[in-house]
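Peer 1: take this sequence and fold it.
(one chain, ligands or ions: 2)
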Amino acid sequence: MLQIEDLRVELADKVILQHIDLEIKPGETHVLFGPNGSGKTSLLMTIMGYPQYKVAGGRIVFKGKDITHAPINERAKLGIGMSYQRPPTINGLKTRQMVKICAREGIDEEALAERVNFKEFLDRDVNAGFSGGEIKRSELLQLMSQQPDLMLFDEPESGVDMENIHLVGKTIASLLQKDMSFVRNDKSKMQKKMERTKMGLIITHTGYILDYVAADKGQVLYNGVLSCVSNPAEILTCISQSGYEECVRCLA
Ligand SMILES: Nc1ncnc2c1ncn2[C@@H]1O[C@H](COP(=O)(O)OP(=O)(O)O)[C@@H](O)[C@H]1O
Ligand SMILES: [Mg+2]
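Peer 2: Ligands and ions are numbered 1, 2, ... in the order given. Presented below is the predicted three-dimensional model:
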């Protein structure tokens, strides 16, 4: 599981996150709301381990290991992966190679790409000239090959057209095992419940993703502080009716 305790983060000598407590248990998906500039991306980048986000207090524990100051590659190997809001273009690196680098053993990139309608992009440089929606599908493809246990999604539906939003939503649900229910264990002829183990943290503005992913908890990040924990659909209704400021006040 992921445990964040009293986290304080500085970026360019400015405090951008403080008093952050967050716990995501195996199988749980949390949704993060908040206005622009409130620190949502910073929180995800800090969990992933980007060194410019300086942890000035508190700690991050993942699978029982203190990773507060662990490098990014170590966190990735431990099972943390991220779909970025604005990933860079990497000229000279084909998407196919990128997927292979991310991949766990035995992954067939053609078959995975097919699932997100992305086969024709495999031999193009990573994100080079991709549209907003294509970038998001490329990010999902990388996560599908990496199969992390904790997945961080930074606005996965932004820039995605209506035609592809369904695909993106279903893919995220599948990555987070939210499409998984009961299976029959044929050997013992008994109903066995499959345990969900994947953890997710999704940043969303529109809430479209909630139509596909049954999120367990919602939180609002406002001015660098997590203000409440509640039912995601309730928070979304509150924000759309009264705005973030009012929402944070009444839920607090
Ligand atoms: N490179 C940077 N240097 C200084 N401040 C930054 C930098 N990047 C982001 N910030 C600031 O950090 C704050 C949080 O930004 P961010 O985490 O991107 O918010 P959100 O994702 O919620 O829109 C904002 O005030 C933003 O301007
Ligand atoms: Mg952001």
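Peer 1: quick one: pLDDT of the residue in the stretch 1-150 of the chain positioned nearest to ligand 2?
Peer 2: Nearest residue of the stretch 1-150 of the chain to ligand 2: Thr41, at 3.2 Å (CB to the ion). Every C-beta, even on glycine, is put in place using the N, C-alpha and C of the backbone. pLDDT recorded at Thr41 is 97.
Peer 1: wait, doesn't Pro26 sit right on Met1?
Peer 2: Yes: with contact defined as CB atoms under 8 Å, Pro26 reaches Met1; the gap is 5.8 Å.
Peer 1: what do those two both touch?
Peer 2: Listed as contacting both Pro26 and Met1 by CB atoms under 8 Å, 6 or more residues apart in numbering are Met199.
Peer 1: element containing Ile60?
Peer 2: Element membership for Ile60 (DSSP states H and E) is strand 54-62.
Peer 1: helices and strands around that strand, which ones?
Peer 2: Applying 3 or more CB pairs under 8 Å, 6 or more residues apart in numbering; DSSP states H and E, we find strand 54-62 packed against strand 2-11, strand 14-24, helix 40-48.
Peer 1: what would the ones you listed look like in a markdown table with mean neighbour count?
Peer 2: Output for the helices and strands packed on strand 54-62, formatted as a markdown table (neighbours: other CB atoms under 10 Å):
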| stretch | mean neighbour count |
| --- | --- |
| strand 2-11 | 18 |
| strand 14-24 | 17 |
| helix 40-48 | 23 |
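Peer 1: list the contacts of the closest residue in space to Gln18 that isn't next to it in sequence.
Peer 2: Closest residue in space to Gln18, ignoring its immediate chain neighbours: Arg8 at 4.7 Å, by CB to CB, 6 or more residues apart in numbering. Going by CB under 8 Å, 6+ apart, Arg8 touches 15, 17-20, 55-58.
Peer 1: tell me the spacing between Arg8 and Asp154.
Peer 2: 21 Å (CB to CB, to the nearest Å).
Peer 1: tell me the pLDDT of the residue lying closest to Glu245 once chain neighbours are set aside.
Peer 2: Leaving aside its sequence neighbours, Glu245 sits nearest to Tyr222 (CB to CB, 6+ apart; 7.5 Å). Looking at Tyr222, its pLDDT stands at 93.
Peer 1: no further queries at this time; thank you.
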